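*Asks:* Okay, sequence plus prediction incoming.
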Amino acid sequence: MNNRLRILRAERNWSQADLAQKLEVSRQSVNAIETGKYDPSLPLAFKLARLFSTTIEQIFTDEDSDSEAQPS
Amino acid sequence: MFNKNLSKFQRRSLQLFSSSILLTAGLTMLTHELFRHHSNPPTGPLAWILAILPALPFLGTIYLCLRYLAREKDEFIRAQVLLALLQGAFLTLGATVVYTFLQNYLDIPAPPAMAYVDLFLITAMVALRIHLRNSQ
Amino acid sequence: MNFSLPCKPNTAASRRYTRRFIPTMAAYVVLILVITYFFKHHHPTGLLAYCLAVLPALPLIATIFITGLYLTEEQDEFQRTILIQSMLWGIGATLAVTTVWGFLEHLANVPALDITLIYPAFWFFVGVANPIISRRYR
C-alpha cells in the first residue's frame, strides 16, 4: 500500500516522533506504516485521517487502484 | 474437519498439514518397530539418522504452519489461527512449569518431551475449533 | 535467562507489564527459596507436598498471563504484531528442538530432555527473534 504520510507530515513540520506521540503509538510503528511495511488497522487509519483532517483514501492508495480502470 | 467454505489455499494448507502429521506418525511407528522389535537394533550414526528421520516431516509441519500464516489473505481467519496457537503454547508452557516442580520436589517422573508437543497440537486445535465455531 | 520482553516499546501497556512482571518474579524467587528450605528440613508428604511443590509454578504461570494481558492491552498494534510474530518463531523453534530431541531420546539413547528447560528456551527464542523481526520493519 502506498501512502502520503511523509508529505502530510512535512506540511505540518512534524517529525515521525511527533506523529507517533499524537497517535499514541511508537515511532517505529509510524516508520513501518510510512514505508509501507505495515498496513494499519481501520481504527488506526481513521485516527490518522482525523489527525490530518482528511479521508483515509487521501492518505492511503491501494496498489491495485491504478489498474482498476482497465478491464481485466 | 473444519467448515466447508474453505478457500482453495486453506484447503491445500490443511491437506499438506495433515499429510505431514500422518507422515510423522507413520515414520514414528516404523522407526519404533525397527528399534524395539528388531533382533539387532541399529547403533551409532545410523541410529541417529533413523531417530531424526520421523522428526523431519514434523519440522515440515512447523514450516507449513508459518508459511500458511505468512500467506493467508483472510485476516480474520489468520487472527483466529494465531490466537489458537498462542493459547496452545501458553497452556503447554504452564504444564511444563507445573511438572518441573513436581519433578524437582516430589521426584515424580515428568512425561517425555514429546508429550508436550502432542499437548500443544491438541490444545491449539481445540482452541481453533472453538474460535471458528464461536464466529459462525 | 531473559524473561522480560526484548526491545520493549515505551507504552502505557508495556509499563504496566513491567510493574506486574517484577513483583511476580520477586515472588517466584522468594517461593523457590522458602519451598526448597521447607522440603529440605520438614519433608512434607501427601497432599500438602503436592500443593507446596506446585506453588513456585504459580508465578511462572502468572508471567504467561501477564504477557497475554500485555497483548490485549497494548494499544500500539504494530508493536503487538512484532511481539506476536516473535512468539510464533519462539513456538516454532521450541517445537523443532523438542521434537528432534524427543525422537533422539526415544530411539538413540540420548539423555532425556529436561522439561525445566522448555519454558526458558521458549523465551530465549522469542528474545532472539524479536530484534530480528523488528529490524525487518526498519
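*Replies:* Thanks, I have the structure now. Note that the structure is a prediction, hence the values are computed from the model and not measured.

*Asks:* quick one: the helices in chain C?
*Replies:* Counting by DSSP state H, the segments of chain C that form helices are C:12-42, C:46-54, C:57-73, C:77-107, C:118-136.

*Asks:* now swap in chain A and tell me
*Replies:* Going by DSSP H, chain A shows helices at A:5-12, A:16-23, A:27-34, A:42-51, A:56-59.

*Asks:* could you say what helices and strands the helix or strand hosting B:Ser20 packs with?
*Replies:* Assessed by DSSP states H and E, B:Ser20 sits inside helix B:8-36. Helix B:8-36 makes packing contacts with helix B:44-52, helix B:55-71, helix C:77-107 when contacts are defined by 3 or more C-beta pairs under 8 Å, 6 or more residues apart in numbering or on different chains; DSSP states H and E. In short, each C-beta sits where N, CA and C put it, glycine included.

*Asks:* Just tell me which of those ends up closest to chain A.
*Replies:* helix C:77-107 (3.6 Å; C-beta to the nearest C-beta).

*Asks:* and the closest one, which residues are buried?
*Replies:* Across helix C:77-107, burial judged by 16 or more other C-beta atoms under 10 Å in any protein chain shown covers C:77-107.

*Asks:* Helix B:44-52 and that helix, what's the angle between them?
*Replies:* Angle, helix C:77-107 to helix B:44-52, by axes from the mean of the first three to the mean of the last three C-alpha atoms, to 10 degrees: 130 degrees.

*Asks:* Could you list every helix and strand that helix C:77-107 packs against?
*Replies:* For helix C:77-107, the packing partners by 3+ C-beta pairs under 8 Å, 6+ apart come out as helix A:27-34, helix B:8-36, helix B:44-52, helix B:55-71, helix B:75-106, helix B:113-134, helix C:57-73, helix C:118-136.

*Asks:* Can you tell me which of those helices is packed in deepest?
*Replies:* helix A:27-34 (a mean of 22; mean count of other C-beta atoms under 10 Å in any protein chain shown).

*Asks:* Save the helices of chain C as JSON lines, and put in mean pLDDT too.
*Replies:* Formatted as JSON lines, the helices of chain C follow (pLDDT from 0 to 100):
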{"stretch": "helix C:12-42", "mean pLDDT": "93"}
{"stretch": "helix C:46-54", "mean pLDDT": "90"}
{"stretch": "helix C:57-73", "mean pLDDT": "94"}
{"stretch": "helix C:77-107", "mean pLDDT": "93"}
{"stretch": "helix C:118-136", "mean pLDDT": "94"}
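
*Asks:* which one of these lies closest to B:Gln10?
*Replies:* Closest of the helices of chain C to B:Gln10 is helix C:77-107, at 18.2 Å (criterion: C-beta to C-beta).

*Asks:* Just checking the distance from that closest one to the centre of its chain.
*Replies:* 12 Å (C-alpha atoms, centre = their mean, to the nearest Å).

*Asks:* what's the closest residue to A:Pro40 other than its chain neighbours in contact with, if anything?
*Replies:* Leaving aside its sequence neighbours, A:Pro40 sits nearest to A:Ile33 (C-beta to C-beta, 6 or more residues apart in numbering or on different chains; 5.4 Å). Contacts for A:Ile33 (C-beta atoms under 8 Å, 6 or more residues apart in numbering or on different chains) come out as A:3, A:5, A:39-40, A:44, C:78.

*Asks:* rewinding a little: same list as before, the helices and strands packed on helix C:77-107 that is, but in JSON lines and with distance to A:Thr54 included.
*Replies:* As requested, the helices and strands packed on helix C:77-107 are exported to JSON lines (distance: least, C-beta to C-beta, whole Å):
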{"stretch": "helix A:27-34", "distance to A:Thr54": "15"}
{"stretch": "helix B:8-36", "distance to A:Thr54": "35"}
{"stretch": "helix B:44-52", "distance to A:Thr54": "58"}
{"stretch": "helix B:55-71", "distance to A:Thr54": "32"}
{"stretch": "helix B:75-106", "distance to A:Thr54": "25"}
{"stretch": "helix B:113-134", "distance to A:Thr54": "36"}
{"stretch": "helix C:57-73", "distance to A:Thr54": "30"}
{"stretch": "helix C:118-136", "distance to A:Thr54": "30"}
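
*Asks:* The ones you listed: lowest mean pLDDT?
*Replies:* Mean pLDDT is lowest for helix B:44-52 among the helices and strands packed on helix C:77-107, at a mean of 85.

*Asks:* can you tell me if it touches chain C.
*Replies:* Yes - judged by C-beta under 8 Å from any C-beta of the partner chain, helix B:44-52 comes into contact with chain C at B:47-48, B:50-52.

*Asks:* Just the closest of the residues you listed to A:Glu11, please.
*Replies:* Taking C-beta to C-beta as the measure, A:Glu11 sits nearest to B:Ile52 out of these, at 59.4 Å.

*Asks:* doesn't C:Phe103 make contact with the closest one?
*Replies:* Yes - taking contacts as C-beta atoms under 8 Å, B:Ile52 lies within contact range of C:Phe103: 6.2 Å.

*Asks:* residues in chain C within reach of chain A, list them.
*Replies:* Counting by C-beta under 8 Å from any C-beta, chain C sits next to chain A at C:9-11, C:75-79, C:81, C:134, C:136-138.

*Asks:* What is the end-to-end distance of stretch A:32-44?
*Replies:* 13 Å (C-alpha to C-alpha, to the nearest Å).

*Asks:* circling back: so how far is B:Asp118 from the residue nearest to A:Pro40?
*Replies:* Here the criterion is C-beta to C-beta, to the nearest Å. By it, A:Ile33 lies 40 Å from B:Asp118.
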